[in-house]
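S.K.: With the input below, show me the fold.
(chains A and B)
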Amino acid sequence: MAAEPKQKGQIKEPLFHITKRDSIAWQKAWLIRIGAILFALVFSGIVSFLLTKENPLSIYATMLDGAFGTERRVWNLMQSLAMLLCVSVAVTPAFKMRFWNIGAEGQVLAGGLATAACMILFGNKLPSPLLLLVMLIVSIAAGAVWAVIPAFFRAHWQTNETLFTLMMNYIAIQLVSFFVYKWSVPKGSGQVGIINRATHAGWLPTLGKYEYLLNILIVLLVTVTMFVYLKYSKHGYEITVVGESENTARYIGIPVKKVIIRTMLISGAVCGIAGFLLVSGTDHTISRDTAGGRSFTAIMVSWLAKFNPIFMVLTSFLLAFLDKGASQVSTQLGLNKSFSDIITGIIIFFIIGCEFFIQYKVQFREKEAKAS
Amino acid sequence: MEANTANYAEPAAADRSVPAIHLEHITKRFGAVTANDDVSLTVYHGEILSILGENGSGKTTLMNMISGIYYPDHGKIFVDGEEVVIRSPKDAFRYKIGMIHQHFKLVDIFTATENIVLGLKEEGRFSLKRAAGRVRKICNRYGFDLDPNKKIYEMSVSEKQTVEIIKVLYRGADILILDEPTAVLTPQEAQKLFAVLRRMRDAGKAIIIITHKLHEVLSLSDQVTVLCKGRYAGTVNTAETNESQLTEMMVGRKVTLNIDRSEPKNPTDRLIVKGITCKNREGAELLHNVSFTARSGEILGIAGIAGSGQRELLEAIAGLQHVDGQILYLNPSTNQSDDLRDKTPEQIRELGVRLSFVPEDRLGMGLVGNMDIVDNIMLRSYKKGRSIFLERKAPKSLAEKIIRDLEVVTPSTATPVRRLSGGNVQKVLVGREIAAAPTVLMAAYPVRGLDINASFTIYNLLNRQKESGAAVIFVGEDLDVLIELCDRIMVISSGRISGIVDARTATKEQIGLMMTQNTAEGGESHGSRA
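M.R.: Just a heads-up that it's a prediction; the model follows:
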């Protein structure tokens, strides 16, 4: 590149330019995305072949089998999709406001801890519907409080919300550890075990014979509500304006501090619901891993879907599918969990990487310019 | 001493028969936008060439290709008759090309000399003293006024510009490109700069200046190359042309440049600003004891060097900036007066004050670039009504009306405003702000970056607001326009009011002097210890 340009015969254009696209037709954008997924499948097929000597096609078949093979697997897939979707929807208002809330993990745990506390303390004292209502309210409140603390400091003193929310995660994890020790059954085992195993008090009821159906329906309701809230409500509009430009928001008279606090309150509340669903509707126990890193995956789900809750159904489906499929591959082929992480990583890399080609255009040097 | 510094020695009398720079059929595209389409130009040593064109006509892009910031898609560049490839500013420097950008790139806490030698690799031991000596030598040769040991933060804008120019001369530039050099200068400073440029020309340098101001072209340059919407519109000898021919080439058709100024109809006091003072975080005064009155049915112009406190003043009135003092609004419907000081924009609106504000930063403050036209129009009115949901019908029909009335060029009302051209963005913003039938309308640099046509649309809109009884406050940079458009002009200098003049009798020179009147650190200290 840095050759003496003055010498004859050296006059060459750079090999390629990268330019930002003005706009792109949505069909073309989707074509690029689908192409990226195909590339990802081919590439991960090659990698798994090189590592395992298995036929790539059988690897894909195993993935499909892991996700959809039996009715139970389908329900499990739906359940993980729903939980991931719930947390993704929860972080969305904050990210749409460009508030870097990476503390959803802590907010979910706070909600879950509140749920578990209610189940243990009031489990056999309150009638079931009232107990569930109390659990829901308390877990929403817990998630909201966990989210509002950093929001308050950010709104009033411009503290860095990324560090603040991250620190809040550790506090939540330690709190959970403390209570897990306190509530552990048998004492000192370090595990809470299934709460109210005999009475099922505080367990989210199963609809018919479908264990997770109520979870899924609640998440769908939350998703649609969030979609409408963000797109059609005045609050949603304010969130967009604050996120795009705080200056414009101030100029137009939107109370920026109030919007930040209110939005994080909602974000945390939905995280609280996720915690409630995980403890009351799924695990019936609490541990440090209850949130299970979902809130970090959720950030990706939310960004990939461009903060549209309806698209998030698709993106969280994709990630939940990859997770289930890849873990089936690793168990069936006798590999460890790391192998499934490799495959998931490859596919996600391609999917995120293709956004570059949607934003930018790569132009290669034209042939005629070469002949000089 | 001069033996090992061939770079800094004066050039041997350059060959004046071979073009210093020759561009042939240059084309540059950004996505779908063609910034330069088949442009050619030539400049010789010992000549000043103006590149004339409206904002957005591709002047800066073209020059950036000579200075190595962009690379052309097609076309050839010749320096001193030889075809060259300029891939980076470093390459440009090797061909002795130096560009002085509109926005200065200087380290504030360094002295002039330190900034000038920054990044240079010298043979042997480096001596700041010797460098300062060379800077003085350059100053003496071309008649610059500069103290090499002065720190940048103590300098006025024109001194900073001098540092930038010397920086490229020090590096041995023979071909100088100046991007809108007078945009930040007072008329007097501009004259001084022109004198220096003429001296450099006489010393054999090739000089290109980018501008859209016709009188500068006519008074300074030898040749003019005109660009029109990215295309080459022709090159003429300055001596053989006049303003109307140049305008025609620049715009692509005949235009008449007249602003109709009506006499104010029974002006009454609308906004009385009393002794407002504003400090920044460090405690420096941005506004000092500013008092004035804006009257209905009148355009009050505000003139001043950029950054003299204009922004703080307007933002204080709009409720975005804390100040001390009083901002009294006389409400014409209730005959009451309210103090707007330290009220939020929301509180101001609740008082029944119809205050509209077209801020300087259109896409960073006035509008949201990623939102579509309807959502941007809605910014002022979205809160109306009790429903928790948005009502998009009325804003949509308002958007359609604005698009129709102001001839906004856009694919639809659902287009994000950042995709619109500068003029259309401004029409959307001004359209929204006047739709509320303001009693006070403030506009900061509303025609910056707009072509002639769009500029006159905006002037007409301001005039119509004035005629319908609004108190219009217009912050401008082009003194010719201020004098033609406004009824009174208030001149601000370093946050103080130097005076208010009648626009019908004021002259540019008079306003120019007032613009630098109070400069505490910058203006007076032109003392050359060199």
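S.K.: so what's whatever residue of chain A ends up closest to chain B up against?
M.R.: As assessed by Cβ to the nearest Cβ, chain B sits closest to residue A:253 within chain A, at 3.4 Å. Yep, even glycine has a C-beta here, placed from its N, CA and C like the rest. By Cβ atoms under 8 Å, 6 or more residues apart in numbering or on different chains, residue A:253 lies in contact with B:319, B:344, B:345, B:346, B:348, B:349.
S.K.: Show me chain B divided up by domain.
M.R.: B:6-251, B:299-321+B:343-515 (automatic domain parsing).
S.K.: Quick check: residues of the stretch 101-250 of chain A near chain B?
M.R.: A:232-237, A:240-241, A:244-245, A:247-248, A:250 (Cβ under 8 Å from any Cβ of the partner chain).
S.K.: Looking at the residues you listed, which one is closest to residue B:436?
M.R.: Residue B:436 lies nearest to residue A:248 out of those, by Cβ to Cβ, at 16.5 Å.
S.K.: Check which helix or strand the closest one maps to.
M.R.: helix A:246-252 (DSSP states H and E).
S.K.: follow-up on the earlier one: quick one: which of the contacts of residue A:253 has the most company?
M.R.: residue B:319 (24 neighbours; other Cβ atoms under 10 Å in any protein chain shown).
S.K.: Chain neighbours aside, what residue packs nearest to that one?
M.R.: residue B:345 (4.5 Å; Cβ to Cβ, 6 or more residues apart in numbering or on different chains).
S.K.: what stretches of chain B score poorly on pLDDT?
M.R.: Low-confidence segments of chain B (pLDDT under 70): B:1-15, B:255-257, B:518-530.
S.K.: scratch that, the stretch 251-372 of chain A
M.R.: A:365-372.
S.K.: which residues of it fall in strands?
M.R.: A:360-364 (DSSP state E, counting those that start in this stretch).
S.K.: how about the residues of it near chain B?
M.R.: A:251, A:252, A:253, A:255, A:361, A:369.
S.K.: Does the fourth one touch residue B:346 like I think?
M.R.: Translated: residue A:255. Yes - if you go by Cβ atoms under 8 Å, residue A:255 and residue B:346 touch, sitting 7.0 Å apart.
S.K.: Next secondary structure after the lengthiest helix in chain A?
M.R.: If you go by DSSP state H, chain A has its longest helix at helix A:128-157. Using DSSP H and E, the helix or strand that follows helix A:128-157 towards the C-terminus is helix A:161-183.
S.K.: Okay, angle between that following helix and helix A:128-157 too, please.
M.R.: 150 degrees (axes from the mean of the first three to the mean of the last three Cα atoms, to 10 degrees).
S.K.: Just give me how far helix A:161-183 sits from the chain centre.
M.R.: 19 Å (Cα atoms, centre = their mean, to the nearest Å).
S.K.: could you say what helices and strands the helix or strand following it packs with?
M.R.: Going down the chain from helix A:161-183, the next helix or strand is helix A:213-232, by DSSP H and E. Helices and strands touching helix A:213-232, as assessed by 3 or more Cβ pairs under 8 Å, 6 or more residues apart in numbering or on different chains; DSSP states H and E, comprise helix A:71-96, helix A:234-244, helix A:256-276, helix A:309-332.
S.K.: Tell me which other helices or strands the first one touches.
M.R.: What that stands for is helix A:71-96. Applying 3+ Cβ pairs under 8 Å, 6+ apart, we find helix A:71-96 packed against helix A:56-68, helix A:104-122, helix A:213-232, helix A:234-244, helix A:256-276, helix A:294-304, helix A:309-332.
S.K.: Name the residues of the longest one that come out as buried.
M.R.: Neighbour-count burial for helix A:309-332 flags A:309, A:312-313, A:315-330 (criterion: 16 or more other Cβ atoms under 10 Å in any protein chain shown).
S.K.: now swap in the first one and tell me
M.R.: By neighbour count, and taking 16+ other Cβ under 10 Å as the criterion, the buried residues in helix A:56-68 are A:56, A:59, A:60, A:62, A:63, A:65, A:66, A:67.
S.K.: Just give the closest residue to the second one, not the sequence neighbours.
M.R.: If the residues on either side of it in the chain are set aside, residue A:59 comes closest to residue A:48, at 5.1 Å by Cβ to Cβ, 6+ apart.
S.K.: secondary structure element for that neighbour?
M.R.: Assigned by DSSP H and E, residue A:48 belongs to helix A:26-52.
S.K.: Might you calculate how far that helix sits from the centre of the chain?
M.R.: On Cα atoms, centre = their mean, the centre of helix A:26-52 falls 22 Å from the chain's centre.
S.K.: what angle sits between it and helix A:309-332?
M.R.: Using the same axes, to 10 degrees: helix A:26-52 against helix A:309-332 is 10 degrees.
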